[in-house]
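In: attaching a predicted model along with its sequence, questions to come.
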Amino acid sequence: MNVDWLIIGGGIHGVHIAACLIGAAGLAPGQLRIVDPAERLLDRWRVCTATTGMTYLRSPTVHHLDLNPFSLRRFAGDALEQLAPPYDRPSLALFNAHCARVIEMYGLDALHIRDRIVACEVNEGGVVARGATGDELHARHAVLAIGASEQPNWPQWAPRNHTCVRHVFEPGFDGWPSAQPERVAVIGGGITAGQVALRLAREGHRVHLISRHSLREHQFDSHPGWLGPRYMSGFSREQDHARRRAVIGQARHRGSVPPDVCRSLRQAFRDGLVAWRKAEVQEVIAERDKLCLHMQGMEPLEIDRVLLATGFAPARPGGAMIDNLIESASLPCAQCGYPIVDEALRWHPRIHVTGPLAELELGPASRTIAGARRAAERLVDALRQ
């Protein structure tokens, strides 16, 4: 198959960029394809958010997958209960319904190729991508919209072969407790851990939330100033990519919890529904029909199940496919291993990036929904010029 544009990744970033290429850049739908191994677009987003028990998004109404910033607010209509203060944050149900509307409006389901790209190379005519099925796709341009959702961060102490020690973001996660009440340790200190702990408590389980730090309250993943010139002007002037990486690390509110989840957690602590421990886990030992969690400076904790809510590994996503592409096309990378791209997010004249792969150019908010919108703006502006 030959197309003008190939988007590798059917998540938040891939879907929004596809909508913008069609709706803003005027690309004919037949000249675009989205490759993602899932049965439907946004599958990982839906699975991960459903697992955590998310009810409202952390981001405001203007951050969504359609072109017009006010599209989601209009879509909500009079259903004001679907918008939560502050910033009219949409409910997950409303956001997902709007995503489905965007996918339908631009006919993106028909452009979805259900495959996993295992090899990618650049030649004089463009990009050649080979799927796990063996099929080849030829495109003049490619967008690497690869997120970190397939590389959950496993602590070193956590065994990977125990059915009762699971990461909530691992592909095919099936470690949720049954209807019978269990003693569950949730490991992590950020929004995912908080939401999982609250969901477990609502379902009647005895929940222990264990984190290495106290609750860190922040409305967003990073300060809103990173979405505009307030902070990005200085970031863009910085030519040293090691310094940019350091700035990104300092600016991100990793392991943080928004105010509404923080309030719910503190109430759950007071009500005895969730027991919180500030501790460093050392190991977990299986003892007959239970687990024994050992923490530094504390008595061991007997539990039935461990759920890891420790986010995603910081390594560059894309695995061997990206490694081989870098080597074959001599693509520039910073010391941290991430792409060095231009203002149009070009890693190569034929290859653009978004999401984590674009963060040395887009800054701390690159991975978010707002980051997807900024990436699409850069891409569309470059095409118009």
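Out: All right, it came through fine. Numbers count the residues shown, from 1 in each chain.

In: tell me the contacts of Ile34?
Out: Residues in contact with Ile34 (C-beta atoms under 8 Å, 6 or more residues apart in numbering) are Ile7, Gly9, Gly10, Gly14, Val15, Ala18, Leu41, Leu108, Leu111, His112, Ile113. C-beta coordinates here come from the backbone N, C-alpha and C atoms, glycine included.

In: from the residues you listed, which land in helices?
Out: Gly14, Val15, Ala18 (DSSP state H).

In: neighbour-wise, give me the winner out of the residues you listed.
Out: When neighbours are taken as other C-beta atoms under 10 Å, the top entry among the ones in helices among the contacts of Ile34 is Ala18 (30 neighbours).

In: do I have it right that that one meets Ile8?
Out: No: at 11.4 Å, Ala18 does not count as touching Ile8 under the criterion of C-beta atoms under 8 Å.

In: of the ones in helices among the contacts of Ile34, closest to Arg199?
Out: Taking C-beta to C-beta as the measure, Arg199 sits nearest to Val15 out of those, at 26.0 Å.

In: for the closest one, list the residues it contacts.
Out: Counting by C-beta under 8 Å, 6+ apart, Val15 touches Ile34, Leu41, Leu42, Leu65, Cys99, Val102, Ile103, Leu108.

In: check Pro171 too.
Out: If a contact means C-beta under 8 Å, 6+ apart, then Pro171 has Glu150 as its contacts.

In: ok, back up a step: the contacts of Val15 in strands, which ones?
Out: Judged by DSSP state E, those include Ile34 as members of strands.

In: and the contacts of Val15, which of them are buried?
Out: For the contacts of Val15, a burial check counting by 16 or more other C-beta atoms under 10 Å picks out Ile34, Leu41, Leu42, Leu65, Cys99, Val102, Ile103, Leu108.

In: measure the third one to Gly147 for me?
Out: Just to be clear, that refers to Leu42. To Gly147, Leu42 is 11 Å away according to C-beta to C-beta, to the nearest Å.

In: anything in contact with each of these two?
Out: With C-beta under 8 Å, 6+ apart as the test, Leu42 and Gly147 both reach Gly11, Ile12.

In: so Ala242 makes contact with Gln335?
Out: Yes: in this structure, Ala242 is within contact of Gln335 by C-beta under 8 Å, at 5.6 Å.

In: which one of those two has more residues nearby?
Out: The residue with more neighbours, out of Ala242 and Gln335, is Ala242; 12 against 9, by other C-beta under 10 Å.

In: now do the helix or strand harbouring the more buried one, average pLDDT.
Out: Assigned by DSSP states H and E, Ala242 belongs to helix 241-251. Averaging pLDDT along helix 241-251 yields 98.
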